[in-house]
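> Here's a sequence, model it:
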Amino acid sequence: MRSYWLCAAAGIALATTARAAPLTYASALALAERSAPSLQARAADIESARDTTVAAGRLPDPKLRAGLENFPISGPPAWRFGPESMTMASLGVMQDVPNAARRAAARQRAAADIGAAEASERLEARIVRLGAALAWIDLHYARRRTAALEEVERAIASLRAVAPSQLAVGAQRPAQTLQADDLAAALGDRRADLAAAVRKARAELTRWTGDPDADVVGDPPAGGVDPARLRAGLDRVPGVAAYDEMARQADADVAAARADRRPDWTWELTYQHRDPRWGDMVSVGATISLPLFAATRQDPVIAARAQAVNRVRFERDAARRALTSALEADLADQAAHQDRLARARTTLEPLARRRADLEAASYAAGTAGLADLLAAQVSLAETRIDILDREAAVARDAVRLTLTYGSDDR
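Numbers count the residues shown, from 1 in each chain. Now for the predicted structure:
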């Protein structure tokens, strides 16, 4: 027993250590799928639907019938069991037998319920993966922005140190010595914003993975997206495929309504005990339902169920169109974000770097002041942080497109 508890404690310790380790992008998504309570709830729905299929389409429970028949309450034999030959105690069994079409429809509906539960699980898994992926990317780039800002602060700190000497030799006016402090305060505000972004992203990643110390490691996923493949796979996206399962459920309801036009029947076997002078008896009988007035009873229900099938199919078409529109809009956003990122890398960053180099050279030659050099350095830093913002937008686009519009068979 002691060794059991030691092993259990060791397992818990190892699990805690594993959870505390930084998460790669792939491991974050895998952990989210394993630990998401919403997915566990969907799995319970699937098991419930599967358990229901065991009873679907089977005969209902038999019925036990007991009674006292033909017992006299008036006349000479009143309130006596023996004198009347027809007085008897009966004990019988009854079995309802729904028609075969009704039982087949019940099995069809049970199978459709399993498909609907599985479709709901696939849709929820897509939501969980997308949430974990976006949280991972947000935390990854928040940390990279923080690191870039820290580099700027170190550079500004070294320039602030020479400000008093510049004032002593008359290279700048007293008010100009405050420029470095102003920039340091502005960077402090930016650092506070980035620290808040890190905390928010970690909280979101914890929400999806269940890891209280969630952190990230490694590189983000490759940002390649194939628009043609996404468009071709829209019919297999869980949000659209779920309507196919709903249509199967509606078709099963139509089949059940049509089964009402077929007769059901019940058989009965009864043993009847009488006074020994008269002898016992056995009765066998059958009852059959007569759906004679289908035009005013069964047919309207069938028509209503058929309209429900049409409604589901129309809703599927509407969802397909909405998804197509959203895909095209997101592809347009992705193209714009990629264009902005390329422009920042090829134009904005080289210009900011060139300006910083020129101001550094002018400062060394004594033709530019410390404030000019600080402004150029901060501008370069802001450009680099802006590039990280644009990279994050492109990475988020790729993840959202893949996990929202990609089919599960990819």
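> Which of the three states applies to the nearest residue to Ser120 once chain neighbours are set aside?
Setting aside the residues directly before and after it, Ser120 is nearest to Arg42 in space (CB to CB, 6 or more residues apart in numbering), at 5.6 Å. From N, CA and C alone the C-beta is placed, and that goes for glycine too. For Arg42, the reduced secondary structure class is helix; criterion used: DSSP: H, G, I helix; E, B strand; the rest coil.
> since we're on Arg42, how many residues are nearby?
Counted by other CB atoms under 10 Å, the residues lying close to Arg42 total 20.
> any idea how far Val128 lies from Ser35?
Noted for Val128: a distance of 9 Å to Ser35, by CB to CB, to the nearest Å.
> more crowded one of these two?
Neighbours of Val128 and Ser35, each counted by other CB under 10 Å, are more numerous for Val128; the result is 22 against 16.
> which other helices and strands contact the helix or strand hosting the more buried one?
Element membership of Val128 [criterion: DSSP states H and E] is helix 100-161. Helices and strands touching helix 100-161, by 3 or more CB pairs under 8 Å, 6 or more residues apart in numbering; DSSP states H and E, are helix 25-35, helix 37-55, helix 179-209, helix 238-259, helix 370-405.
> quick one on the thing from earlier: might you report the residue contacts of the residue nearest to Ser120?
By CB atoms under 8 Å, 6 or more residues apart in numbering, the residues touching Arg42 are 117, 120-121, 124-125.
> Between the helices and strands packed on helix 100-161, which one is closest to Leu323.
helix 238-259 (6.2 Å; CB to CB).
> quick one: low-confidence parts of the stretch 251-400 of the chain?
Segments of the stretch 251-400 of the chain classed as low confidence (criterion: pLDDT under 70) are 369-370.
> Ok, the stretch 101-250 of the chain next?
Checking the stretch 101-250 of the chain against pLDDT under 70 turns up 158-181, 223.
> try it again with 90
The stretch 101-250 of the chain contains residues with pLDDT under 90 at 147-191, 221-226, 233, 236.
> one step back: helix 37-55 and the helix holding Val128, what's the angle between them?
In terms of direction (axes from the mean of the first three to the mean of the last three CA atoms, to 10 degrees), helix 100-161 departs from helix 37-55 by 170 degrees.
> Helix 100-161 vs helix 238-259, what angle?
160 degrees.
> can you tell me the helix or strand for Gly67?
Mapping Gly67 onto the secondary structure by DSSP H and E places it in strand 63-69.
> after that strand comes which helix or strand?
Heading C-terminal from strand 63-69, the first helix or strand you meet, by DSSP H and E, is strand 88-97.
> still on that earlier bit, mean confidence (pLDDT) on the strand holding Gly67, please.
Regarding strand 63-69, the rounded mean pLDDT is 91.
> Strand 88-97 and that one, what's the angle between them?
Relative orientation of strand 63-69 versus strand 88-97 (the same axes, to 10 degrees): 150 degrees.
> got a list of contacts for strand 63-69?
Around strand 63-69, the neighbours that count as contacts under CB under 8 Å, 6+ apart are 86-96, 268, 270, 272.
> which stretches of the stretch 251-400 of the chain form strands?
Taking DSSP state E, counting those that start in this stretch as the criterion, the stretch 251-400 of the chain carries its strands at 265-273, 281-288.
> could you dump these to JSON lines with mean neighbour count and distance to Asp389?
Supplementary listing: those in JSON lines, determined by neighbours: other CB atoms under 10 Å; distance: least, CB to CB, whole Å:
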{"stretch": "strand 265-273", "mean neighbour count": "16", "distance to Asp389": "73"}
{"stretch": "strand 281-288", "mean neighbour count": "11", "distance to Asp389": "76"}
